[in-house]
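Trainee: Sequence and computational prediction follow.
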Amino acid sequence: MVLPGKLRVYSDCAGLASELVALTLCGLAERATLVGWSEIDEEKQLLHKLVCERLGFNAQAPLTRDVSLRDHAQAEASDLYVSGFPCPSFSSLGKGQGDKVKKGMLLFDGLRYICHHQPMICIFENVKGLLFPQHRELTETLKSVLQKLGYLLYCKVLNTKDYGVPQSRPRVFVVAIKKKSIRMKFRWPVALKLSKKSLRHFIETTKLGDELADLSHYENKYGRNAIWEKPYVLDIGASKKFQSAHVGVAPCLTRSRLYQDASGFYIPKLRRRLNVGEAAKLQGWPRKLTKLLVRGTSGKIVGGALGDGMSINVLAKVILAALECVGFIDMGSGSRMDPWRGGSPEELASAADRHRKLLEKEKKMERAKAAAEKKAAGEAGESPSPETKDGKADSSTTNGNAGSTKSTNDAAKALPKKSKAAPQPTPPDEDNRDYYAEVSEDVRRILKHLGSKFGEQPALEIADKDRCGEGGVQEPYSKAMCERALGNQGSYVAAGNLLWANYSSSATPGIPLSRRSVVEMADFRWPVDKEPEFVKILLEFVAPDVSSAPETPQGLQLLSPEGYLHAILHAAARQLPKHKERWAVVLRSVPICLTKEPSDLWIHAWNNRNAISQDYESLGRSAWQTAVEIKKLKGRYDTDAKKVLTAAEFTLKLKNAGLKKASSQDDLSTNLVNNAIHIAEKLSGEEVLGPIRDLEQRFGKASFFNSMVKLHALATRVKPSRRDFVFQGLRDLIVRGLLDNDEMTKTALLGDKNSAGLISLLELKAECLTHWQCVALARAKIDERDRKLIAEALASHQSYNDKMLGEDVAWQGPMAVSSVEALKFLEELVFHKKFDHQLKQLARGHKIMDEVMENEVIKEAWDKVVALRENELTEQEVKEKASEAQEPEGEETSIAKMRKAPTSYTENSHQYWLAVANASVRRLLSFVVLPTTQRSMELAVGQSALKDVVVEAGSKSCLIWMDLDLLGEGVGPGSQPGLRRQKQFDVAVWKPLLHGCLLARGAQPKSEEHEATVQVIQP
């Protein structure tokens, strides 16, 4: 059994989001969601967000910067918890301080999270030094806590080189699985045999350098010829004690060696250093994702993060094994989902055998089902007398079986007819629920004025051809004439009642319909200020089953464009009750053509639309609608063919079915079909489709989005993580008049050999916005509160329009001058065109973010903001020192300073953190230490929330006021609601603890005077 729902993922010390990359490579991205993460390094925070955006995970998931300050009770619950807590404290290269330093204690913060939320699976990774004897106490604590929480623990040292990637990187993996979640035995991944030649698949062997490093120690140890001729990767920065070399295997990649402009790993055979792309491959990372990270930050930052990260290939195998154990994936499917497949021949054979038996069982069930259906059909006699194509009995057959004709006909009457003349009711179109709700409202208004039985009334004869017979129809619908006409020529033309139609369905369901085109058509053909004209277009419907239909047919399936029918209904609904009698005649005098149901309703309706849209453009499909229609129709054809058709095969089937053109402008071709499928698959979501609809509302069919070529360029050339930003950016630039809709050509989008296009420009702007918000603003020491305001204002184009272009700018009032200037800089950089020339040149050259910040024009503008902030900080420090120097000494001054808010000091200064500590303590306890005079005691009581307290204290007294409403029950992870009611206040217990003090019971101020009613207890 496979567990339903999405896998909630939480990671501590998340770094490069290795667990999300592993899940994606295993094909589980759509079944997983990121609910929270922690990371204190700002550079890694930026990398993590870039990975989330690229892979489609929630980049806005709650972030805890310092895990030691996290409120674990308020953190999001999860099913999979992954922690790669810092390793320097446990590494053999470090001091081995373990949990004696803060970094080593982060493991306990992870345990606190697990205690609160108890995820189904917990995975810890660290260096193998974690298992050294000096850290036994820590590992025993980890084991004891998890076992008491109901987990089964598995611990093993896994080396990257044993699982498909040639890097010697031994790491301890601790997997804890909830006992109640286990469905099968947990099995560690099986090691793979690695070829000595496999390193060449991870190294760019054609890229040669000219650097000759000093390898004398390695030459003495392994031989000069061997070192320079065999496939070695050497750590040339390591001390002699740790220098080692293995043919075809890279040494352990570390942050200290990779966080450099030139890495500390050397490839003697190629005479050059290991580059970031190669280091990423040796950590199991996809090449394209690595390029994205380098472009968004720098090679140095990415290299450092890779050195700290987990090997994707090992982590993927461990996660798959754990998910298989709890039943989140099928038993045996872990090996099939593993990008680094492998294992012993016995295990592979066992998995293949299980898969083969499963397929055989499914086929056997399908055959049994088909046989049962065939048997049931035979028993019911579902074979009436042979019929001709016209539906009449073949004379040669009937004459020869005269005796059985009657019984056969009786059986046939009891069965549904094979003829398609009576179509089944079409189910509601859920994709256009709002559209059809408005159509239904139009019909309701019509029936309100013309009567609820209006749709059952017969058609009217059109007497005056010149005045009202513009459709060429003179005779109203007649059931007898319809039956004869259908038998003779297969179609019947007459006047009909428009409300005979099934107005809430379409022959081409699921295509997003535009209400705007309906309103446009109504305005064009039936203006509000004029008397309604008769309908001119012949509307085609599927003919009813005349043998059983009433004199006035109902629910006719429309084959003409639904927009024209709905436009008539809208025009009547908005004008009634004006011209009531005229509308009653118009709606019952609509020229209709009743046709035998075609072999393919969809194709027939498509051809009808193309024919009419040549004269009525608004009835045609937009490029986006056409793409969706092709994709949906292909899905139907794929189902019928029981395979996925290629674009060429699908195009041929469309042509064979009779489809002449994709639209009134576009011919049907394999290239167009292929483009349409890409557009429909890649463009989805309100952030993308909203801008397309907005410009269609403004420009109609002239919108630049109404082009299959341009939409295909946007669908295939824009990075998925930047697609929302690009579409919204294009829309806003046109709406604000910074770009002209008519000038939006394919070249303008993609660029040429001289300049980058708008796609590359907007993608780079999105990267700039992310980098400045996550890195540059923090480096410039912009106030953290102001950074949050900037992030909220520039979170998206919609927030920018609301905050920056709206009338209310009061939110900028509390911001520092430098913060306002930083906001203006980002506005000009990202949302305006001031720096577009520089950004286009940088985008054309695929420059990384460091090079963007070093651009002369951009750097000059940003340096002004940085300099302004430095001046502000300097002035604040001077003012604080002057204020401290002028303040007189005394107890009153000390108390006042202790009660100052943290915001009154420079952020991160000594006074700032002292104020934070004092404010935190005052949540539970207000106190003054050792008042030396009667006056100072009275002053302390006066500044508290106590009421009616008479102070009689000695020379060494201390006033303590405790807020018992908060103590132990309202604050902190160990809070216990209702504690005060369960355990009453006991003066006898408190007296010896607070000897010589004046103790007062009370709560937060609650009276109108904001004072607490307290009971004073004399010591």
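Mentor: Structure's in. What do you need? Numbering: from 1, shown residues only.

Trainee: what number of residues lie near G309?
Mentor: As a burial measure, G309 scores 25 neighbours (other C-beta atoms under 10 Å). For glycine as for every other residue, the C-beta is placed from the backbone atoms N, C-alpha and C.

Trainee: pLDDT score for it?
Mentor: pLDDT, G309: 90.

Trainee: again with G98
Mentor: G98 carries a pLDDT value of 59.

Trainee: for the stretch 251-400 of the chain, what are the low-confidence residue spans?
Mentor: 261-262, 331-336, 340-367, 369, 373-400 (pLDDT under 70).

Trainee: tell me the secondary structure for L289?
Mentor: helix (DSSP: H, G, I helix; E, B strand; the rest coil).

Trainee: The helix or strand I612 falls within - contacts with which helices or strands?
Mentor: Taking DSSP states H and E as the definition, I612 sits inside helix 601-613. Applying 3 or more C-beta pairs under 8 Å, 6 or more residues apart in numbering; DSSP states H and E, one finds that helix 601-613 contacts helix 623-641.

Trainee: what's next to the helix it packs on, contact-wise?
Mentor: The contact list for helix 623-641, computed with C-beta atoms under 8 Å, 6 or more residues apart in numbering, reads 508, 510-514, 602, 606, 621, 644-645, 650, 653-654, 662-663, 666, 673, 675-677, 679-681, 683, 689, 692, 705-708, 710-711.

Trainee: Just want the angle from it to helix 601-613.
Mentor: 160 degrees (axes from the mean of the first three to the mean of the last three C-alpha atoms, to 10 degrees).

Trainee: excluding its backbone neighbours, what's nearest G209?
Mentor: Counting by C-beta to C-beta, 6 or more residues apart in numbering, G209 lies nearest to R272, which is 2.7 Å off, once chain neighbours are set aside.

Trainee: again but with A657, I slipped
Mentor: I603 (4.6 Å).

Trainee: For L633, see how far away the one you found is.
Mentor: 8 Å (C-beta to C-beta, to the nearest Å).

Trainee: Tell me which of these two has more neighbours.
Mentor: Comparing I603 with L633 by other C-beta under 10 Å, the one with more neighbours is L633, at 24 against 21.

Trainee: ok, residues contacting stretch 815-826?
Mentor: Looking at stretch 815-826 with C-beta under 8 Å, 6+ apart, the contacting residues turn out to be 769, 772-773, 777, 780, 782-783, 786-787, 789-790, 793-794, 812, 861-862, 864-865, 868-869, 872.

Trainee: Which among the residues you listed count as buried?
Mentor: 769, 772-773, 777, 780, 782-783, 786-787, 789-790, 793-794, 812, 861-862, 865, 868-869, 872 (16 or more other C-beta atoms under 10 Å).

Trainee: Next up, the contacts around D79.
Mentor: Counted by C-beta under 8 Å, 6+ apart, D79 has contacts L7, R8, V9, P119, M120, I121.

Trainee: hang on, isn't H797 packed against L730?
Mentor: No - H797 is not in contact with L730 according to C-beta atoms under 8 Å; the separation is 9.8 Å.

Trainee: Mind listing what's buried along stretch 643-662?
Mentor: Neighbour-count burial for stretch 643-662 [16+ other C-beta under 10 Å]: L645, A647, E649, F650, T651, K653, L654, A657, L659, A662.

Trainee: so which of those comes closest to W526?
Mentor: Taking C-beta to C-beta as the measure, W526 sits nearest to A662 out of those, at 30.0 Å.

Trainee: give me phi/psi at the closest one?
Mentor: The phi/psi pair for A662 (degrees, to the nearest 10) reads phi -70, psi -40.

Trainee: wouldn't it be in contact with N671 here?
Mentor: No - contact criterion C-beta under 8 Å: A662 and N671 do not qualify, at 10.8 Å.

Trainee: Show me which parts of the helix or strand hosting V820 are buried, residue by residue.
Mentor: Element membership for V820 (DSSP H and E) is helix 817-826. Within helix 817-826, the residues that qualify as buried are S818, S819, V820, E821, A822, L823, F825, L826, counting by 16+ other C-beta under 10 Å.

Trainee: for stretch 682-689, same thing?
Mentor: K682, L683, V688.

Trainee: is it possible to export those to a markdown table including distance to A59, pLDDT and secondary structure?
Mentor: Shown next, in a markdown table, are the buried residues of stretch 682-689 (distance: C-beta to C-beta, whole Å; pLDDT from 0 to 100; DSSP: H, G, I helix; E, B strand; the rest coil):
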| residue | distance to A59 | pLDDT | secondary structure |
| --- | --- | --- | --- |
| K682 | 19 | 85 | helix |
| L683 | 20 | 84 | coil |
| V688 | 16 | 83 | helix |
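
Trainee: low-scoring pLDDT stretches of the stretch 501-650 of the chain, where are they?
Mentor: Checking the stretch 501-650 of the chain against pLDDT under 70 turns up 614-618.

Trainee: Start from the N-terminal end of it and give the helices.
Mentor: 515-525, 562-575, 580-587, 601-613, 623-641, 647-657 (DSSP state H, counting those that start in this stretch).

Trainee: so which of these gets nearest L149?
Mentor: helix 623-641 (47.2 Å).

Trainee: which residues do I603 and L633 both contact?
Mentor: L654.

Trainee: Relative to L47, how far out is the nearest residue to E767 once chain neighbours are set aside?
Mentor: Nearest non-adjacent residue to E767, counting by C-beta to C-beta, 6+ apart: G296, 5.2 Å away. G296 is 8 Å from L47, where distance means C-beta to C-beta.

Trainee: what's the answer for L274, then?
Mentor: 19 Å.

Trainee: and stretch 636-649, how far apart are its ends?
Mentor: Distance across stretch 636-649, first residue to last, is 14 Å (C-alpha to C-alpha, to the nearest Å).
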